[in-house]
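# For reference, the sequence and a predicted model appear below.
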Amino acid sequence: MVDSCLKITQPPYGYHYSLDALAIADFAKILPGDRILDLGTGCGVIAMILAGRHPDTLIYGVEIDKEQVDIGRRNITDNHMTNRVAILHQDIKTILPALISGPVDVVISNPPHIKKASGRINPNARMAIARHEIHVTLQDIIEAARRMLRPAGRLFMVYPAHRMTDAITQMRQAGIEPKTLSVIYTRPGVPARRILIEGIKGGGPGVTITHPVFLKS
């Protein structure tokens, strides 16, 4: 459930945020004074949840879909967060620290997770872009995190459980060491649905696996 004090508008058609966005917002470890970057922010729901819970932070969202950018900016205004949350209409692959006055402490993302050639692509273009690796891939997300994070900065990401090896491998190759892993289930006795993963830029080896998380789909 989204924090009850937030007013969230979404596009009438196309992709809407899911429990994945709420799960990663809960999972992220945010410290006072953190500068945060939300990659693929959509309507800004993750950014606004974090801003509401952590008032001593500055948050940037990056989104390529202009309609989502416009709605996200309206959400930020409606929730009186314009002094702490900003959404950039920008391709994740071209984001640089100079565009937001320097590197950040935290990158958070609920990225597209279905390989472009896998499964049926949704005929709704916005749904397809949000779910499939059409405009941005896992590698693009992790490379953007590497560019944007300060040394010892943290990456928080939600991703399909069956692609856990891809996420861990690419994070380590980018110099972002996986440090905490939570596994999400919809109910006991069924395979895992998602993982929540924290990585630290330049961190040493060693990962902590938390207790399982159960969410209704």
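Alright, I've got the coordinates. None of the values given here were measured: they were computed from a predicted structure.

# would Cys5 count as being in a helix?
No: counting by DSSP: H, G, I helix; E, B strand; the rest coil, Cys5 is not part of a helix but coil.

# show me the contacts for it.
Gly52 (Cβ atoms under 8 Å, 6 or more residues apart in numbering). Quick note: C-beta positions are derived from backbone N, CA and C, even for glycine.

# Tell me how many other residues crowd the residue nearest to Lys66 when sequence neighbours are not counted.
Sequence neighbours aside, His89 is the residue nearest to Lys66 in space, at 6.0 Å (criterion: Cβ to Cβ, 6 or more residues apart in numbering). His89: 15 surrounding residues under other Cβ atoms under 10 Å.

# Can you name the residues that contact His89?
Contact analysis of His89 by Cβ under 8 Å, 6+ apart lists Glu63, Ile64, Lys66, Val69.

# Can you select the buried ones from those in PyMOL?
Only the buried entries of the contacts of His89 go into this PyMOL selection, using 16 or more other Cβ atoms under 10 Å:
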select buried, resi 63+64+69
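
# What about the contacts of His89, which are in strands?
Glu63 (DSSP state E).

# Any chance of the contacts of His89 in CSV with distance to Thr186 as columns?
Converted to CSV, the contacts of His89 look like this (distance: Cβ to Cβ, whole Å):
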residue, distance to Thr186
Glu63, 28
Ile64, 30
Lys66, 34
Val69, 32
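
# Closest to Val107 out of the contacts of His89?
Glu63 (14.4 Å; Cβ to Cβ).

# bridging residues for that closest one?
Bridge pairing for Glu63 (DSSP bridges) gives the partners His89.

# Please tell me how far Ile76 sits from Val85.
As for Ile76, its distance to Val85 is 5 Å (criterion: Cβ to Cβ, to the nearest Å).

# Could you name every residue contacting both of these two?
Joint contacts of Ile76 and Val85 (Cβ under 8 Å, 6+ apart) are Gly44, Ala47, Met48.

# would CSV of those residues with secondary structure be doable?
Output for the shared contacts of Ile76 and Val85, formatted as CSV (three-state DSSP):
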residue, secondary structure
Gly44, coil
Ala47, helix
Met48, helix
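
# Name the nearest of these relative to Ala192.
Ala47 (26.8 Å).

# Which positions in stretch 102-110 come out as buried?
Judged by neighbour count (16+ other Cβ under 10 Å), stretch 102-110 contains these buried residues: Pro103, Val104, Asp105, Val106, Val107, Ile108, Ser109, Asn110.

# Of those, which is the nearest to Leu39?
For these, the nearest to Leu39 is Ser109 (4.1 Å; Cβ to Cβ).

# Now do the closest residue to the closest one other than its chain neighbours against Gly189, distance only.
Of all residues not flanking Ser109 in the chain, Leu39 sits nearest, at 4.1 Å (Cβ to Cβ, 6+ apart). Counting by Cβ to Cβ, the gap from Leu39 to Gly189 is 34 Å.
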